[in-house]
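Chemist: Need coordinates for the below:
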Amino acid sequence: MNVRRRDFLVFGGIVALIYGLRALPWDRLPGRGPRYADIADLPPFRRHEGSGQTSGATPAFIGLDPPSEDADQRLARAEVVRVDPCPALFGTDGTPGVVPIAYFSEFRCPYCRVLERDLDTLLAEFPASFRLVQHELPIFGPPSELAARASVAAARQGKQQELRRRFMRTPLVAEEASVLRVAADVGLDADRLARDMTSPEVQADLDRTRALADIFGFVGTPGLVVGRTVLNGAIPYALLRRIAEDEASMPDPVC
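Modeler: Residues are numbered from 1 along each chain as shown. Model (predicted):
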């Protein structure tokens, strides 16, 4: 068995184990129900008390990240978003009575792959109650950055989720040529995608996502903002559904 196939099988086994453990009804155990705490400087948002499983930068990835941006610029962007985070977080095309879910992901994060199945299940169970807003938060260096740019650019052709799902089923592509081949396979205009990936608009989208991650304290992926509830990390599906139902029962919209 070659090394690449072995690594792929090991990765798949890890994802399957995570998914199986998280399918258990943890929220029914004593003290496992959702607990919330208001975020003092970000009303009306609240944080779910209890961390989930996250993927973050580890020593194995040190040196893969692009050069650090200017700290003052990053802080300034975060402060601009903090004044009114809702448009950057959820967009401006919401529907009354539908709870928005902002999802922050990274293509190399195994917990993200598992959580996406749970989000698909939630949206299938309650198609009229929730809507998903995708945010790409690449934290594992140039290959992740490349895939994130492609995902954001694909949204401009209405095929973001198609491209993302293909990426999720494939070992992460590491160069632009392979990204464009996958894009063509799912029906994207590869030439337009290549142009959009380097556009100021896509860069601005990624900058906004990073600013949101900064103000909500996402130190790894996945990150979720379900209505007004902020949580960092994958959690059992039963708990995700319980939090979503709590949000849907709120009399006033979050934004």
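
Chemist: C-alpha from now on. contacts and neighbour counts both.
Modeler: Will do.

Chemist: now the helices for the stretch 101-250 of the chain?
Modeler: Ranges of helices in the stretch 101-250 of the chain, per DSSP state H, counting those that start in this stretch, are 110-125, 142-155, 160-168, 176-185, 190-197, 200-216, 237-248.

Chemist: For those, state which one has the densest average packing.
Modeler: Each of the helices of the stretch 101-250 of the chain was scored by mean neighbour count; the highest is helix 142-155, a mean of 22, by mean count of other CA atoms under 10 Å.

Chemist: isn't residue 99 right next to residue 227, touching?
Modeler: Yes: with contact defined as CA atoms under 8 Å, residue 99 counts as touching residue 227 (5.6 Å).

Chemist: quick one: common contacting residues for these two?
Modeler: 247, 253 (CA atoms under 8 Å, 6 or more residues apart in numbering).

Chemist: now the helices of the stretch 101-250 of the chain in JSON lines, with distance to residue 223 and mean pLDDT?
Modeler: Output for those, formatted as JSON lines (distance: least, CA to CA, whole Å; pLDDT from 0 to 100):
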{"stretch": "helix 110-125", "distance to residue 223": "9", "mean pLDDT": "94"}
{"stretch": "helix 142-155", "distance to residue 223": "15", "mean pLDDT": "95"}
{"stretch": "helix 160-168", "distance to residue 223": "17", "mean pLDDT": "92"}
{"stretch": "helix 176-185", "distance to residue 223": "25", "mean pLDDT": "94"}
{"stretch": "helix 190-197", "distance to residue 223": "23", "mean pLDDT": "98"}
{"stretch": "helix 200-216", "distance to residue 223": "8", "mean pLDDT": "97"}
{"stretch": "helix 237-248", "distance to residue 223": "12", "mean pLDDT": "95"}
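
Chemist: Out of those, flag the one nearest residue 85.
Modeler: helix 200-216 (7.4 Å; CA to CA).

Chemist: which other helices and strands contact the closest one?
Modeler: Applying 3 or more CA pairs under 8 Å, 6 or more residues apart in numbering; DSSP states H and E, we find helix 200-216 packed against helix 71-83, helix 85-90, strand 130-136, helix 142-155.

Chemist: Let me see the residues that make contact with it.
Modeler: 74-75, 77-78, 81-82, 85, 88-89, 135-137, 149, 152-153, 196, 219, 230.

Chemist: hmm, back to that, in TSV: the helices and strands packed on helix 200-216, plus distance to residue 163.
Modeler: Shown next, in TSV, are the helices and strands packed on helix 200-216 (distance: least, CA to CA, whole Å):
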stretch	distance to residue 163
helix 71-83	28
helix 85-90	21
strand 130-136	13
helix 142-155	7
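
Chemist: between the helices of the stretch 101-250 of the chain, which one is nearest to residue 49?
Modeler: Using CA to CA, the helices of the stretch 101-250 of the chain put helix 237-248 closest to residue 49, at 11.6 Å.

Chemist: helices and strands around the closest one, which ones?
Modeler: strand 223-226.

Chemist: Just the mean pLDDT for the strand it packs on, thanks.
Modeler: Average pLDDT, strand 223-226: 97.

Chemist: That strand pairs with which strands, and in what direction?
Modeler: strand 99-105 (antiparallel), strand 229-232 (antiparallel) (DSSP bridges).

Chemist: JSON lines for those, including mean pLDDT and mean neighbour count?
Modeler: As requested, those are arranged in JSON lines below (pLDDT from 0 to 100; neighbours: other CA atoms under 10 Å):
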{"stretch": "strand 99-105", "mean pLDDT": "97", "mean neighbour count": "24"}
{"stretch": "strand 229-232", "mean pLDDT": "95", "mean neighbour count": "23"}
